[in-house]
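Engineer: Sequence first, predicted coordinates after that:
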Amino acid sequence: MSRTLLPGKPYPLGATASKNGTNFALFSEGASHVDLCFYDEHGKETDCLTLMERTAFVWHGFVNGIKPGQLYNFRVHGPWDPKRGLRFNAAKSLVDPYAKAISGEVDWKAPIFSYKRSDPLKKDERDSARGIPKSVVIQEAFDWGNDCPPEIPLPDSVIYETHVKGFSYRNPEVPENLRGTYAGLAHPSSIEYLKNLGITAVELLPIHHFIDEGHLIEKGLTDYWGYNTLGYFAPMARYCSCGDKGEQVREFKEMVKALHAAGIEVILDVVYNHTCEGNHMGPMLSWKGADNATYYRLVEDDPQFYMDYTGTGNSLNVRNPQVLKMIMDSLRYWVTHMHVDGFRFDLAATLARELHDVSKLSSFFDTIHQDPTLAEVKLIAEPWDVGEGGYQVGQFPVLWAEWNGKYRDTVRRFWKGDAGQLSDFAYRLTGSSDLYQFDGRKPYASINFITAHDGFTLCDLVSYNQKHNEANGDDNRDGSNHNDSWNMGVEGPTDDQEINTLRERQMRNFLATLMLSQGVPMLSGGDEIARSQKGNNNCYCQDNELTWMDWNLDDGRERLREFTCRIIQLRLAHPNLHRRKFFQDREVRRRSDGSLVLVEKDAAWFNPNGNEVSDEEWNAGWTRAIALLLNGCTLQVSDENGNAIIDDSFLLLINAADQGVEFALPPSPRGKPWRQILDTENIDDPFVSMPTNGSIIVGGRALKLLSDEVSHAEAPALL
């Protein structure tokens, strides 16, 4: 087929369709020349054009008549010298690093490796096109209508981590052809469920286009989580209900638009730390063939090999301006073209490595912080990687929130009954000021979570002492051995009603702690209905009923769902439960009848005797019961009109001991009587409201929440 090739433009990178054709641009500093190849709908190569223009290492050309839906890839010519990190091989078809959509799957039986399997230093000259996915020219126009981001302040957020497929695949209220897709997540029944639960943002496991690893396919498994990225601009095609020739882009946009209309934000879990191409023995699919030495961090004195801070074989070379530009272009694209509201950065410490050490002053942070497009979106770090010095909880810069792994570990250990957790538990409950207060950040820098996709579900956390990952085909060697879980005496499901009741109570303790802690709660999807993975704590390759949400709820799972709805509603209704400022641990002055008086501390800790906790008690390993008073008159924030915001005061009574504990109640800040509004021990009616006397008994392994129910008309203004 004859094509007309014009010089085109070096920017933007990737394929950009217009009225008369499409502009193509690919960065490759080390290439000698670049071929642009087209494919028919069956993936058969029809013709190739050599891009004649190069500007600032960008090879570019405009091809008349190329319309959206056209499949294409690149072939890049250049030197082959793996010992120097040079791996150019024009026999290998390459997915465009800037492809906006990707069609097809990797065929691991095809010659997709750039080297001969008998000798990794020798080039394999066989054509890989039949085994490589194809890039797609897309139609970028979309009618967003009146769509606008909900712009929910982070401290007012409740995040729901979920999987596009797993969320709706078994939901009978979603039409069968839409289950497990972007359209399934956008279906009215899905949105109604999220709204009723009280969710303000969905955090989606990776939807950047990814591939299934060869060793998984050999075992009859697939990549479920999606941390194996092939395209940083392309939504995953398998989550589209209607095709992979660009339809996935439109369906993703429709999903975002529907969620926004319901007031729900969309946060993407993004994997900019590594790619799907693995180490020196991995396949050649995109970046490795485009310019290996540019895109990857190579071992300095032996560039045949890759630096691996991620445990996946490679690490992107964020020190290189072009790689940093690709990441920034990707982030901006998802905000401006796809309207997402934020990002959770997988293994974010890898992105901060300038040389070897993690640096707050890395160019990655500098670039993000000055970018106006990203100024209003949510930036959440997973603040660790697997490299030396990679655990960086509490060390990220201002403007960033973090998955607080210390919160997860401490809360698990405290409710399990481990000794010596009280002091750390107090920090976690009040926003982790020890981690975030002294670097300009606020309590909402802490993304609090008990469970996440990686690890036990909440149900399994209270049902298993050991991991059970046999289904992954790795002899149970994968996954963490340190889960801080407790099975209550029986491993896995049981008919023992006493144990089942204790497990349900313990799940409520975890959920209540999560929603009553300062910071931002993240709920792992399905925990609200006791989703179990049968003790598998590493379900990255389980795309089946082990991970999909089961919507057939028995009485116990329905009770837990209702409990979760109510505790989230309670949190959202009270600014005292999601403060914007850290507690000052001092008395705060307020105005009353024109005079200045002193009121109680903004927060205070009490032992069961009603006295403030002593230093000895904080450090005692035996302490399991404690009370936290949250003064609703000391929020120290104002509404849009400048009026001081006040709220009810709360007294949280916590007992992680086996037996019940009687608490003497301290007076409420305004002398109002305390009223019980939550009891996790009460399985049938945990939110029953009742008056209290001077003392109250909290059952073993339970918590109660009391309120003074201050009316706003009576509350004084603050100074």
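Structural biologist: Received the coordinates, thanks.
Engineer: ok, A90 - contacts?
Structural biologist: Residues near A90 by Cβ atoms under 8 Å, 6 or more residues apart in numbering: D35, R75, V76, H77. No exception for glycine: its C-beta is placed from N, CA and C like everyone else's.
Engineer: what do you get for T200?
Structural biologist: For T200, counting by Cβ under 8 Å, 6+ apart, the contacting residues are P150, I152, D156, S157, V158, I159, G263, I264, E265.
Engineer: List the buried residues for stretch 491-505?
Structural biologist: The neighbour-count check on stretch 491-505 (16 or more other Cβ atoms under 10 Å) flags I499, N500, L502, R503, E504, R505 as buried.
Engineer: Now the fifth one. Its backbone dihedrals?
Structural biologist: Taking degrees, to the nearest 10, you get phi -60, psi -40 for the backbone angles of E504.
Engineer: let's number from 24 now, not from 1
Structural biologist: Sure thing, new numbering starts at 24, so read that last one as E527.
Engineer: thought it was touching R582?
Structural biologist: Yes - E527 lies in contact with R582 (Cβ atoms under 8 Å); the separation is 7.4 Å.
Engineer: okay, and the common contacts of the two?
Structural biologist: I706.
Engineer: coming back round to it: buried only: go through the contacts of T223 for me.
Structural biologist: Among the contacts of T223, the ones that count as buried by 16+ other Cβ under 10 Å are P173, I175, S180, V181, I182, I287, E288.
Engineer: helix, strand or coil for L144?
Structural biologist: Of the three states, L144 takes strand under DSSP: H, G, I helix; E, B strand; the rest coil.
Engineer: mind listing what it touches?
Structural biologist: Here L144 is in contact with P105, K106, Y138, Q327 (Cβ under 8 Å, 6+ apart).
Engineer: at 6 Å what do you get?
Structural biologist: Going by Cβ atoms under 6 Å, 6 or more residues apart in numbering, L144 touches P105.
Engineer: what does Y430 give?
Structural biologist: R451, N471.
Engineer: low-confidence ranges in the stretch 24-173 of the chain?
Structural biologist: 24-25 (pLDDT under 70).
Engineer: excluding its backbone neighbours, what's nearest G579?
Structural biologist: In space, G579 comes closest to E527 once its chain neighbours are excluded; the distance is 6.1 Å by Cβ to Cβ, 6 or more residues apart in numbering.
Engineer: M349: what secondary structure?
Structural biologist: helix.
Engineer: Look at it and say how many residues are nearby.
Structural biologist: 23 (other Cβ atoms under 10 Å).
Engineer: where in the chain is pLDDT low?
Structural biologist: For the chain, the ranges with pLDDT under 70 are 24-25, 377-384, 608-623, 733-742.
Engineer: Just the CA trace of stretch 113-132, in PDB.
Structural biologist: The C-alpha coordinates for stretch 113-132 follow below in PDB (Å, rounded to 0.1, in the frame of the first residue of the first chain):
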ATOM      1  CA  ALA A 113      15.300  -3.800  13.900                       C
ATOM      2  CA  ALA A 114      13.900  -7.400  13.600                       C
ATOM      3  CA  LYS A 115      11.800  -6.700  16.700                       C
ATOM      4  CA  SER A 116       8.500  -4.900  16.400                       C
ATOM      5  CA  LEU A 117       8.200  -2.300  19.200                       C
ATOM      6  CA  VAL A 118       5.100  -0.800  20.800                       C
ATOM      7  CA  ASP A 119       5.200   3.000  20.800                       C
ATOM      8  CA  PRO A 120       6.200   4.100  24.300                       C
ATOM      9  CA  TYR A 121       3.500   6.900  23.900                       C
ATOM     10  CA  ALA A 122       0.800   4.600  22.500                       C
ATOM     11  CA  LYS A 123      -2.600   5.900  23.600                       C
ATOM     12  CA  ALA A 124      -4.200   2.400  23.000                       C
ATOM     13  CA  ILE A 125      -2.700  -1.100  22.600                       C
ATOM     14  CA  SER A 126      -4.300  -4.000  20.800                       C
ATOM     15  CA  GLY A 127      -3.400  -7.700  21.200                       C
ATOM     16  CA  GLU A 128      -1.500  -9.900  23.600                       C
ATOM     17  CA  VAL A 129       2.100 -11.000  23.900                       C
ATOM     18  CA  ASP A 130       2.800 -14.400  22.300                       C
ATOM     19  CA  TRP A 131       5.600 -15.900  24.400                       C
ATOM     20  CA  LYS A 132       6.200 -18.600  21.900                       C
END
